[in-house]
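Visitor: dropping a prediction and its sequence here:
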Amino acid sequence: MLNISNNSINEKIDSEHFSSLYNLENRKSSRVLLRLLTVLFILIFIIMLLPWTQNIRASGNVTTLKPEQRPQTIHSIISGRIEKWFVQEGDFVAKGDTILFISEIKDEYFDPSLLARTQEQLSSKKMALESYKGKVKALENQIKALIQTSKLKHQQALNKLAQSKLKVTSDSIDYQASIINHEIAKEQLRRMEQLYNDGLKSLTDLENRKLVVQKTQAAMISAENKQLTSRNEVINAQVELISILAQYQDDIAKAESEKFTALSSKYDAEAVLTKLQNQYMNYSMRIGMYYITAPLDGYITKAIQTGIGETLKEGGEIVSIMPAKYDLAVEMYVNPIDLPLLEKKQHIRIQFDGWPAIVFSGWPNTSYGTYGGQVFAIDNFISANGKYRVLVAPDPTDHPWPDALRVGAGTTNMVLLKDVAIGYELWRKINGFPPDFYKSFSNEKTKKNSK
């Protein structure tokens, strides 16, 4: 009964005989409600004071820690035609195992005796090079002989010139002596004529004296002639000396010219020989490239080129291979606003697609099915999706990652930040503030000590 009428019947009815009416009129719901509200407020206040781990959630995928451990494609270095396959998709291949064989499609490599013919050219060119070397050596010996001969001839000419000069000196002395003798003979003749005129000497004596004068004059002329001849010999010796120098210089220059010509031919032969050697090695290497081999241990995942008889271009993709041994990692992408909150070796909680997990983002210690990781590398440039790429490696102090993980699997990642109260976190969320920038004391202390 609502008991809102002015005509009350409470005094006319004894409610103690009616248990329902008695319980209704004596209810204590207001007290219960007050107690419930009080308890609820206390619980909410306690919850607001509970610790909450701030985190950044980011999606990503499983990859490998090292670039050479990631899935890759095998290319053909040369162009060719597929002749035979030795593997199929899903096969395991060791490093160096043959994957397929290709044949040549370029006409300049069709000759089956290409290497042998190139080797013959190499041998011929080597012999030509040796011939040029021998010619250069012979010319060098010839030049040495010419230089030595020129030195001897030059010394011989110098000696002859010295002899001629000494002879000129000797003939000059004889000539001067003949002049003196002639003068003496003329003076004696004059005296003899005086004595003859005085009658003291006979005509025979006079004629004998005249004969002596004639002989001394002849001797003087002969001595003068010898002197002139000796001077001509000096001039001839000088001319011969100059001629010898010019002759041997000409011969040496000619021999050196032939030597340089031989050297030029030798260098040309060496250049052609080097080119042929390079060509021979290229041919031999090309023949070895007909067999496409595995660069590492792994599994053939997909054949990009198929069939027999298909042609391959240089650098064309043939098959894709997944390395057998790899170190797993996770690459995740964070927003630019969250990038300053990350640092190397920062702890990450990871949930892998396909692995059941119970996740409490604010209480990572109470989450199940997540695995630990730590930041390994952070890109310094933004990716095409407008976010920054972060590489996460397994945490060595946490549980190991599942063995059945495969590269490319999706992940959900939580970057663990500062521990705050739930009330503060709600206030931060309502106001749209970013998480607190936090670094551990040990890291800050390490940096200060390094300074």
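Guide: Sure, I can see it.

Visitor: mean confidence (pLDDT) on the helix or strand Val62 falls within, please.
Guide: Assigned by DSSP states H and E, Val62 belongs to strand 51-64. Strand 51-64 shows a mean pLDDT of 80.

Visitor: that strand pairs with which strands, parallel or anti?
Guide: Applying DSSP bridges, strand 51-64 is found paired with strand 328-334 (antiparallel), strand 410-421 (antiparallel).

Visitor: how about stretch 112-127: buried residues?
Guide: 114, 118, 122, 125 (16 or more other Cβ atoms under 10 Å). For the C-beta atoms, the positions are set from N, CA and C on the backbone; glycine is no exception.

Visitor: and these, which of them are in strands?
Guide: Among these, the subset assigned to strands under DSSP state E is empty.

Visitor: save these as TSV, and put in distance to Gly298 too.
Guide: What follows is the buried residues of stretch 112-127, written out as TSV (distance: Cβ to Cβ, whole Å):
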residue	distance to Gly298
Leu114	34
Thr118	36
Leu122	39
Lys125	44
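
Visitor: picking up where we left off before, by mean pLDDT, show me the worst of the strands paired with strand 51-64.
Guide: Among the strands paired with strand 51-64, strand 410-421 scores lowest, at a mean of 75.

Visitor: show me the shaky parts of the stretch 251-400 of the chain.
Guide: Scanning the stretch 251-400 of the chain for pLDDT under 70 picks out the ranges 356-369.

Visitor: ok, and what's touching stretch 256-266?
Guide: 129, 132-133, 135-136, 139-140, 143 (Cβ atoms under 8 Å, 6 or more residues apart in numbering).

Visitor: what about that stretch, distance to the chain center?
Guide: 37 Å (Cα atoms, centre = their mean, to the nearest Å).

Visitor: which positions in that stretch come out as buried?
Guide: Quick answer for stretch 256-266 (16+ other Cβ under 10 Å): 258-259, 262, 265-266.

Visitor: about what we covered before: ChimeraX command for the buried members of the contacts of stretch 256-266?
Guide: Burial among these is assessed by 16+ other Cβ under 10 Å; the matching ChimeraX selection reads:
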select :129,132,135,136,139,143
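
Visitor: show me the contacts of stretch 256-266 that map onto helices.
Guide: Per DSSP state H, helices hold the following members of those: 129, 132-133, 135-136, 139-140, 143.

Visitor: and the lengthiest helix in the chain, how far from the chain's centre?
Guide: The longest helix of the chain (DSSP H) is helix 203-288. Its chain's C-alpha centre and that of helix 203-288 lie 57 Å apart, by Cα atoms, centre = their mean.

Visitor: do stretch 171-186 as well
Guide: 93 Å.

Visitor: show me what the following helix or strand past the longest helix of the chain is packed up against.
Guide: Next along the chain after helix 203-288, taking DSSP H and E as the criterion, comes strand 291-293. In this structure, strand 291-293 makes packing contacts with strand 98-103, judged by 3 or more Cβ pairs under 8 Å, 6 or more residues apart in numbering; DSSP states H and E.

Visitor: for the strand it packs on, buried residues please.
Guide: Buried residues in strand 98-103, counted by 16+ other Cβ under 10 Å: 99-100, 102.

Visitor: now the farthest one out in this structure, which residue is it?
Guide: Gly199 (123.3 Å; Cα atoms, centre = their mean).
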